[in-house]
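> Build me a model from this:
(one chain, ligands or ions: 2)
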Amino acid sequence: MDQTFVMIKPDGVARGLIGDVIARLEGKGLQLVAARLEKLPEKRVMEQYREHLEKPFFPSLRHYITSGPCFLMVWEGKNVVPVVRTLVGATNPADAAPGTIRGDLAMDIGRNVVHASDSPESARREIGIHFSPDNLCSYRRADETFLYE
Ligand code: IDP
Ligand code: MG
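Ligands and ions are numbered 1, 2, ... in the order given. As a prediction, this is how the structure comes out:
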C-alpha cells in the first residue's frame, strides 16, 4: 500500500487541531501507521525542506517549524500522496478550497497548519528522515472491504 508523510506544524499543534486533522484523514479511509509528537531538530528541518534552503522565506520557515512541537505521521492508502494533498489544499490558505484543511482552518501561507509529501519519492525520503522502518505498524482496518472495491 502507498504511504505518505504528514506533519501537523507547531501552529496546528498549539491551536488544538491534531484531532481535527486526524479525523479528516481517518474519515476518508486512510490508515495511520506511525505518529509522534516532537520538537524537530534544525538538522531534520533542513533535510525535510532541502528544496527550499535558498528561498527568501526559508529563515522564517525554519524558525516557525522549530518554534514548538510538531505531530509527525505516516498514513497509508491507495494513491495516498495525491489524496492527502487534495485534502490539505493549496499552500496559501487564501487560495485553498473550502472543505480542505488549509481552506477551513488557516489564514496565512506562513501558518498553514500541515505539511504533506508532494510525490511518492518525496514521501519515501521524508518518512526516512523522521521514522525508522520498525516505527511503522502493520495492521488492517476492519472496514477495508467497504473502503475498496
Ligand atoms: P507545500 O507545503 O504546500 O508543499 P511548499 O511550496 O513546499 O508548499 O512550501 C513549503 C512550506 O514553506 C509551505 O507549506 C509554507 O509553510 C512555507 N512557504 C512556502 N512559500 C512561502 C512564502 O511565500 N512565504 C512564507 N512561507 C512560505
Ligand atoms: Mg512542499
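> residues in the protein within reach of ligand 1, list them.
Along the chain, the residues adjacent to ligand 1 under the rule CB under 6 Å from any ligand atom are 52, 57, 61, 91, 109, 110, 112, 115, 118. All C-beta spots, glycine's among them, are computed from the backbone N, C-alpha and C.
> mind listing what the first one touches?
Shown in contact with residue 52 (CB atoms under 8 Å, 6 or more residues apart in numbering): 58, 61.
> Residue 18 touches residue 8, doesn't it?
Yes - Residue 18 is in contact with residue 8 according to CB atoms under 8 Å; the separation is 5.6 Å.
> between those two, which one's more packed in?
Between residue 18 and residue 8, residue 8 has the larger neighbour count (other CB atoms under 10 Å), namely 25 against 15.
> picking up where we left off before, just the ones in helices from the residues of the chain next to ligand 1, please.
With helices taken from DSSP state H, the overlap with these comprises residue 61.
> Among the residues of the chain next to ligand 1, which one lies nearest to residue 25?
residue 115 (13.2 Å; CB to CB).
> In three-state terms, how would the closest residue to that closest one other than its chain neighbours be classified?
Distances taken as CB to CB, 6 or more residues apart in numbering place residue 7 nearest to residue 115, at 4.2 Å, with adjacent residues excluded. Classification of residue 7 by DSSP: H, G, I helix; E, B strand; the rest coil places it in strand.
> Report the beta-bridge partners for residue 7.
Residue 7 has the following beta-bridge partners by DSSP bridges: residue 72, residue 115.
> tell me the contacts of it?
For residue 7, the set of contacting residues under the criterion of CB under 8 Å, 6+ apart consists of 70, 71, 72, 73, 114, 115, 116.
> And the residues you listed, which is closest to residue 79?
Closest to residue 79 out of those is residue 116 (13.0 Å), distances taken as CB to CB.
> which strands and helices sit next to the helix or strand containing residue 12?
Take DSSP states H and E as the rule and residue 12 turns out to sit in helix 10-14. In this structure, helix 10-14 packs against helix 58-65, strand 70-76, with contacts taken as 3 or more CB pairs under 8 Å, 6 or more residues apart in numbering; DSSP states H and E.
> Downstream of it, the next helix or strand is which one?
helix 18-28.
> average model confidence for the following helix or strand past that following helix?
Past helix 18-28, further along toward the C-terminus, the next helix or strand under DSSP H and E is strand 31-38. Strand 31-38 shows an average pLDDT of 98 in the prediction.
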